[in-house]
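Visitor: need a structure here:
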Amino acid sequence: MIIYGNLSYGQLIALVAYCSVTLRPFESYVTFLSDITQYGTYVKRYEDAFGQFKSSNRSNKNIDDKKQDIINEECNEQYYLTKKPEIVSFSGVRVDYQKETTSLDFILKGQTAILGLSGEGKTTIAQLLFREKEPIAGEILIDNKVNLNTIVKNSWIGSIAALGQDEEIFNDDLEYNILMGKRLIRKSEMKSEYEKMNEQLEKFLKYDCEPKDKNLYILAWYYDLVENGDNNLRNKKERFREYATSSFNRIVDNWISLTYVEKERYESIIEQLDLNKIRDRNFGQGGATISGGEKQRISLARFLLKPNFDFYILDEPFTAMDALLESKCTILLKEKIRNKLGIIITHKIHLAEALSENIVLINNGNANVTGSALELIEKSEMYKKLRETYFKNVKEKNSRL
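Guide: Predicted coordinates for the structure are as follows:
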């Protein structure tokens, strides 16, 4: 239009400026909708954790809530774990995944890696263990005895240490992002805190009252004993008292880990992960001012500082790290999960072999091929092919550097 004289340069500049001003409200509206969706996720997390917004009116519940009620009725007895589980069995478990059915039939014992092609449903296993998904058939058994759905949910989830590839980073400093509300205390102070919590727990067990102390409220939430319209709360408290008589020290240990972090241990982890240089920095929303590798090291620090856990889940923990940093973090992680029960989900076969004793291979929606790396090389053509292709790609990538 400028060439033909229909539009001057000044008019073109004015048109661009007007378009920019006109489009700005639409951009703000799109951002607003995105924020609403994000805040909805936060509310859902809060709701899942504290049950503050759950309606006692069954008729107002959606289909997912009714489905959960049916599951709860089938698993009416709720249990607390009295000891760390030794095995977790997936027995004939079937779950809908991307409009197809995934079949899971294997045993988790010791450190186990979950391998398979993209889209095979590896992360679905983690969702099942977190109880974010429910199987449409089969059951997940703890030590071949207790159905996972019969364990008090908060208690089970609180006993899991998780490390993912995209953990939440808050708009604050390093200490806030690692401690996440816990208090730093010195090792010399820990003994007196144990004594105080022993006294508080005895008081909580002796009197049938709502917890007023902040620490007691944390304990009550952890064991699903908070008043939230639950008609079975009194029965839950009675079962908790029975459980506490045989697991008093275990309860106090869990309580301490929910409330405090040992200062000396914290400083040691910060030093080992080379995080001192960002100690005083504000990370911005979603960690905007730090790198992907620094985000993953912060997440690793959270994991390493959790003293008591019964089960761990690692989901692609080192995707943003270079080889040297990954090697250093792998050593720290391997030491932390030694003699623990858990899974690692990863596409990095060298990492799976370094951090696991057994491997579960998912192929065509079925997870029934298990064994050590050496055993799978012998009996699984798919694993052999995956391994060869992976190390070939790594070698080619290194040669280009």
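Visitor: Next, count neighbours for the residue nearest to Asp173 when sequence neighbours are not counted.
Guide: Excluding its sequence neighbours, the residue lying closest to Asp173 (Cβ to Cβ, 6 or more residues apart in numbering) is Asn282, at 6.0 Å. (Glycine included, C-beta is placed from N, CA and C.) Per other Cβ atoms under 10 Å, the neighbour tally for Asn282 reads 14.
Visitor: which residues sit in contact with Asn282?
Guide: 171-173, 289 (Cβ atoms under 8 Å, 6 or more residues apart in numbering).
Visitor: gap between it and Ala17?
Guide: According to Cβ to Cβ, to the nearest Å, Asn282 and Ala17 sit 34 Å apart.
Visitor: same thing with Phe204?
Guide: 66 Å.
Visitor: Out of the helices and strands in the protein, which is least certain?
Guide: Ranked by mean pLDDT, DSSP states H and E, the weakest helix or strand in the chain is helix 63-74, scoring a mean of 40.
Visitor: helix or strand right after it?
Guide: Note on helix 63-74: by DSSP states H and E, the next helix or strand toward the C-terminus is strand 87-97.
Visitor: contact partners of that next one?
Guide: Counting by Cβ under 8 Å, 6+ apart, 101-109, 121, 124-125, 128-129, 133-144, 148, 311, 341, 365, 367 sit against strand 87-97.
Visitor: got it, and stretch 159-167?
Guide: With Cβ under 8 Å, 6+ apart as the criterion, stretch 159-167 contacts 81, 129-130, 254, 295-296, 298-300, 302-303, 306, 308-317, 319-320, 333, 342.
Visitor: From those, list the buried ones, please.
Guide: Among the contacts of stretch 159-167, the ones that count as buried by 16 or more other Cβ atoms under 10 Å are 81, 129, 254, 295-296, 298-300, 302-303, 306, 309-317, 319-320, 333, 342.
Visitor: Point out the ones among these that are inside helices.
Guide: Using DSSP state H, the subset of the buried ones among the contacts of stretch 159-167 located in helices is 129, 254, 295-296, 298-300, 302-303, 333.
Visitor: Domain ranges for this structure, per the record?
Guide: If you go by automatic domain parsing, the domain ranges for the chain are 16-53, 55-169+291-401, 170-289.
Visitor: Any idea which of those gets closest to Ser8?
Guide: domain 16-53 (12.9 Å; Cβ to Cβ).
Visitor: what about the residue nearest the centre of the chain, which SS state?
Guide: For the chain, the residue nearest the mean C-alpha position is Ala162 (4.1 Å; Cα atoms, centre = their mean). What DSSP: H, G, I helix; E, B strand; the rest coil gives for Ala162 is strand.
Visitor: again, but for Asp224
Guide: Asp224 ends up coil, using three-state DSSP.
Visitor: got the phi/psi numbers for it?
Guide: Dihedral pair for Asp224: phi 60, psi 50, per degrees, to the nearest 10.
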